[in-house]
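Visitor: Predicted coordinates and the sequence they were generated for:
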Amino acid sequence: MSSVGQLALLFIGAALINNILLTRFIGLCPFFGVSSNMETSIGMSLSVIFVMVMASTATWVAWEFILAPLGVGEFLYIPAFILIIASLVQFVEMYLRKASPVLYRAMGIYLPLITTNCAVLATATEAAKPGFFKMNIALGASLGLGEALVYTLGVSVGFGFALITFAALRERLELAPVSRLMKGTPIAFITAGLLSLAYVGMSGWFGL
Amino acid sequence: MSEWFRVFRQGLGIENPLTVLMIGLCATLAVSTQFQNALFMGLAVIFVLVMSNVLISVFRKAIPSEVRIPIFIVVIASFVTIVDLVMKAFVPSVYGVLGIWIPLIVVNCVILGRAEAFAYHNEVGLSIADGLGMGIGYSTVIVLLAVIRELLGTGKIIWFDSTLISLPAGYAPPSLFLLFPGAFLVFAFMIVGARWINERTEARKEGPACRV
């Protein structure tokens, strides 16, 4: 088990320095899809945090107790993990609809979309099979469940933070005079480029 | 046959997955740092897209619509695993760089999107046309993006060990183009270019942004 300091570094590294959206290009579809509105991006961020933590737990358990002991992980991990995530999300959706209508109203419509979000697959795979995606060089050969959860929480909070910042920028951009060909997505990409420049500036902190 | 070419051409121009529909962006921006990687990524996407389109189109009447998404994902995941293992065996140097992005083709919305929007409702011949058109449209954009980024960012274009093109010696390459911000900036201007071209041909259609 790692010390609190190591866990804090793991969290910061995953959330800010190796931000999944702006320095890894993972999960860009919701980044451009839902970021035109502040309210939807907050809902999306919360759902991603929720689903990612659940998915990482599930893939970690599957890898540790089923795939790795049987020796089939190397060639079965892609279908196995995506199936786990897809069915998990489906169950969560059904459970939330029955158990917590308030939560369902806040996150319901985003849950099916998250199934095919590469950020979730990437993070869940990284948490179960660390080092594979080279997403965070601070990770060791393998993670305990606690570390995997801290890592996942870091990634998903970083995702939410970047998404909400970007949504705030885009809402203001709506009012700005932008030339006809540039309006909409192109100017959003340029904004994302500048935002990602800020994140690139953080690389190398704490040797991460 | 004219219908076949109409479907084929849509993917290249007015329904180009990257510059018009804006789906499958993650991998595009990430692997387009080198011409060589982009080309292999494009080939992998064409293969998976055509094969999954064919299989889903053949079995479209047998797949119940309630469970179609998991079935699509499993079909796609199998073809992606084939690509993953083949690339690892035959072009290990490329696989080392592409690494993460090959498994992530599974959740690339271009492929799932075409399975859902086209192959599930159309016959095999047209689905091949759609897969080829979308795949080649995707590859053209990703290769073009990679050529611009590699040429501006390193001053030359490399194919394995040989240099294909190099800029004059006085050129000091700004590495910004190889980094993440460069990808966003160059791609923004490519969308502007594609909009301009589509507007000129007066076939521009408003495509939905990817909601996945």
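Guide: In hand now; what should we look at? Numbering: from 1, shown residues only, chains lettered A, B, ... in the order given.

Visitor: In terms of pLDDT, where does the residue nearest to residue A:122 when sequence neighbours are not counted sit?
Guide: Distances taken as CB to CB, 6 or more residues apart in numbering or on different chains place residue A:26 nearest to residue A:122, at 5.0 Å, with adjacent residues excluded. Using the backbone N, CA and C atoms, a C-beta is placed for each residue, glycine as well. As predicted, residue A:26 sits at a pLDDT of 81.

Visitor: do residue A:206 as well
Guide: 66.

Visitor: Residue A:107 too?
Guide: Reported pLDDT for residue A:107: 69.

Visitor: residues in contact with residue 110?
Guide: Let's take chain A. Contacts for residue A:110 were tallied using CB atoms under 8 Å, 6 or more residues apart in numbering or on different chains; they are A:34, A:43-44, A:47-48.

Visitor: um, chain B though
Guide: Contact partners of residue B:110, counting by CB under 8 Å, 6+ apart, are B:17, B:23-24, B:45, B:49, B:134, B:138.

Visitor: and with 10 Å instead?
Guide: B:11, B:17-18, B:21, B:23-25, B:27-28, B:45, B:48-49, B:134-135, B:137-138, B:210 (CB atoms under 10 Å, 6 or more residues apart in numbering or on different chains).

Visitor: Residue A:198 now?
Guide: Applying CB under 10 Å, 6+ apart, the residues contacting residue A:198 are A:19, A:22, A:165, B:181.

Visitor: average pLDDT across the helix or strand in which it is found?
Guide: Here residue A:198 sits within helix A:185-200, counting by DSSP states H and E. Helix A:185-200 shows an average pLDDT of 86 in the prediction.

Visitor: same check, this time on stretch A:72-81
Guide: On average, the pLDDT along stretch A:72-81 is 80.

Visitor: where do the helices sit along chain A?
Guide: With helices called from DSSP state H, chain A shows them at A:4-12, A:28-33, A:38-62, A:68-70, A:73-99, A:101-107, A:111-115, A:118-128, A:145-173, A:185-200.

Visitor: Looking at the contacts of residue A:198, which is nearest residue B:144?
Guide: residue B:181 (18.8 Å; CB to CB).

Visitor: List the contacts of the closest residue to residue B:185 other than its chain neighbours.
Guide: Using CB to CB, 6+ apart and skipping residues adjacent in sequence, the residue nearest residue B:185 is residue A:193, 4.4 Å away. Taking CB under 10 Å, 6+ apart, we find residue A:193 in contact with A:22, B:176, B:179-188.

Visitor: Touching the helix or strand of chain B with the lowest mean pLDDT from outside, list them.
Guide: Lowest by mean pLDDT, DSSP states H and E among the helices and strands of chain B is strand B:162-166, with a mean of 78. Outside strand B:162-166, the residues that touch it by CB under 10 Å, 6+ apart are B:35-36, B:147, B:150-151, B:154-159.

Visitor: just the buried members of those residues?
Guide: Those of those that meet the buried threshold are B:35-36, B:147, B:150-151, B:154-155, B:157, by 16 or more other CB atoms under 10 Å in any protein chain shown.

Visitor: So what touches the helix or strand of chain A with the lowest mean pLDDT?
Guide: Across the helices and strands of chain A, mean pLDDT, DSSP H and E gives its lowest value to helix A:111-115, namely a mean of 72. For helix A:111-115, the external contacting residues (CB under 10 Å, 6+ apart) are A:27, A:29-30, A:33-34, A:44, A:47-48, A:50-52, A:55, A:82, A:85-90, A:92-94, A:96-97, A:104, A:107, A:120-121, B:69-70, B:73, B:107, B:109, B:112, B:210-212.

Visitor: per-residue pLDDT, residue A:85?
Guide: Looking at residue A:85, the pLDDT reads 87.

Visitor: hang on, the earlier thing: which pair in the contacts of residue A:198 has the greatest spatial separation?
Guide: A:165 and B:181 (15.1 Å).

Visitor: So for the two, which sits in the more crowded spot?
Guide: Taking neighbours as other CB atoms under 10 Å in any protein chain shown, residue A:165 and residue B:181 compare with residue B:181 leading, 21 against 16.

Visitor: in which helix or strand would I find the more buried one?
Guide: helix B:180-200.

Visitor: Give me the buried positions along that helix.
Guide: So, applying 16+ other CB under 10 Å, buried residues of helix B:180-200: B:180-188, B:190-192, B:194-195, B:198.

Visitor: Briefly note if stretch A:164-171 comes near chain B.
Guide: No. Judged by CB under 10 Å from any CB of the partner chain, stretch A:164-171 stays clear of chain B, getting no closer than 11.3 Å.

Visitor: tell me the average confidence for that stretch?
Guide: 90.

Visitor: How about stretch A:39-58?
Guide: Stretch A:39-58 comes out at a mean pLDDT of 86.

Visitor: Output that stretch as PDB - backbone C-alpha positions only.
Guide: The C-alpha trace of stretch A:39-58 is given here as PDB (Å, rounded to 0.1, in the frame of the first residue of the first chain):
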ATOM      1  CA  GLU A  39     -25.500  22.500 -17.500                       C
ATOM      2  CA  THR A  40     -25.100  19.500 -19.700                       C
ATOM      3  CA  SER A  41     -21.400  19.400 -19.200                       C
ATOM      4  CA  ILE A  42     -21.800  19.400 -15.400                       C
ATOM      5  CA  GLY A  43     -24.200  16.400 -15.700                       C
ATOM      6  CA  MET A  44     -21.800  14.700 -18.100                       C
ATOM      7  CA  SER A  45     -18.900  15.200 -15.800                       C
ATOM      8  CA  LEU A  46     -20.700  13.700 -12.800                       C
ATOM      9  CA  SER A  47     -21.800  10.700 -14.800                       C
ATOM     10  CA  VAL A  48     -18.300  10.100 -16.000                       C
ATOM     11  CA  ILE A  49     -16.800  10.200 -12.500                       C
ATOM     12  CA  PHE A  50     -19.500   7.800 -11.400                       C
ATOM     13  CA  VAL A  51     -19.200   5.400 -14.300                       C
ATOM     14  CA  MET A  52     -15.400   5.400 -14.400                       C
ATOM     15  CA  VAL A  53     -15.000   4.500 -10.800                       C
ATOM     16  CA  MET A  54     -17.500   1.600 -11.200                       C
ATOM     17  CA  ALA A  55     -15.900   0.400 -14.400                       C
ATOM     18  CA  SER A  56     -12.400   0.500 -13.000                       C
ATOM     19  CA  THR A  57     -13.400  -1.500 -10.000                       C
ATOM     20  CA  ALA A  58     -15.100  -4.100 -12.200                       C
END
